[in-house]
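Enquirer: Here is a sequence together with a model predicted from it:
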Amino acid sequence: MDGITATPRLHPQAAAAATAKTAAPVVLVELDFASGPFRAWTGLGPLHWAGMVFEGVGSIGAISEVEETVELRAVRLTLVLSPVPQEVVDIALAERSFRLRPARLWGALLDEGGAFVADPFPLWAGLMDTMEVVDGAEPRVSLTCESRLVDLERAEVRRYTDADQQAEYPGDRFFEFVPALQEAEIKLPAR
């Protein structure tokens, strides 16, 4: 492992506290919606960390398994709020610009006083993908997120045209004469 050092997930202090009788594991979630960030955590009430305030969702929040893999492939994560108040459903229905925006999760341990044992550590990071909103007797909001490796599975559609080149590099004239060359008749000198 030349030049590569492994970093432990847990701070040594947090690792020691993980075996204590009063250590409470929690998850912090930040979703970067266009209308503003949504921050929640798996406890109750507000939780302050790094200048951010995370609102507690308690037992109405659920997170699918955080999958780690040695393969180079995209993994999914699903976040669910259920049952939720009607105002949360209305906000979710109004949110249009969320796809491919960042989603981050951190893990942490709290002591018996509700303070962090050590700084939260990154659990997962990716991009928001699809949102399902179920309105009715038991309203539910479900958000599926993909790891950043999903970009490797997307086809990049590019053309060798002036319009495509101008969209990527305004002012570049490299492909300006390609249309004229397509129908051009080029005569080579005879030997």
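Expert: Now that the structure is in, tell me what you want to look at. Numbers count the residues shown, from 1 in each chain.

Enquirer: which residues in this protein form helices?
Expert: 12-17, 86-94, 150-153, 162-168, 178-182 (DSSP state H).

Enquirer: Out of those helices, flag the one nearest residue 76.
Expert: Proximity to residue 76 (C-beta to C-beta) singles out helix 150-153 among the helices of the chain, at 8.9 Å. The C-beta positions use only the backbone N, C-alpha and C, and glycine is treated the same way.

Enquirer: Quick check: the gap between the nearest residue to residue 82 once chain neighbours are set aside and residue 133.
Expert: In space, residue 82 comes closest to residue 140 once its chain neighbours are excluded; the distance is 3.8 Å by C-beta to C-beta, 6 or more residues apart in numbering. The spacing between residue 140 and residue 133, counted by C-beta to C-beta, to the nearest Å, is 8 Å.

Enquirer: can you check residue 45 too?
Expert: For residue 45 relative to residue 133 (C-beta to C-beta), the value is 25 Å.

Enquirer: Any regions of this structure where pLDDT drops low?
Expert: The model of the chain has pLDDT under 70 over residues 1-11, 13-21, 68-70, 72-73, 150-155.

Enquirer: for it, what's the longest strand?
Expert: strand 121-134 (DSSP state E).

Enquirer: Quick one: list the elements packing against it.
Expert: With contacts taken as 3 or more C-beta pairs under 8 Å, 6 or more residues apart in numbering; DSSP states H and E, strand 121-134 sits against strand 24-33, strand 76-81, helix 86-94, strand 102-110, strand 140-147, helix 150-153.

Enquirer: Let me see the domain layout of this protein.
Expert: The chain is divided into the following domains under automatic domain parsing: 12-154, 157-191.

Enquirer: where's the longest one relative to the chain centroid, distance-wise?
Expert: By that I understand domain 12-154. 10 Å (C-alpha atoms, centre = their mean, to the nearest Å).
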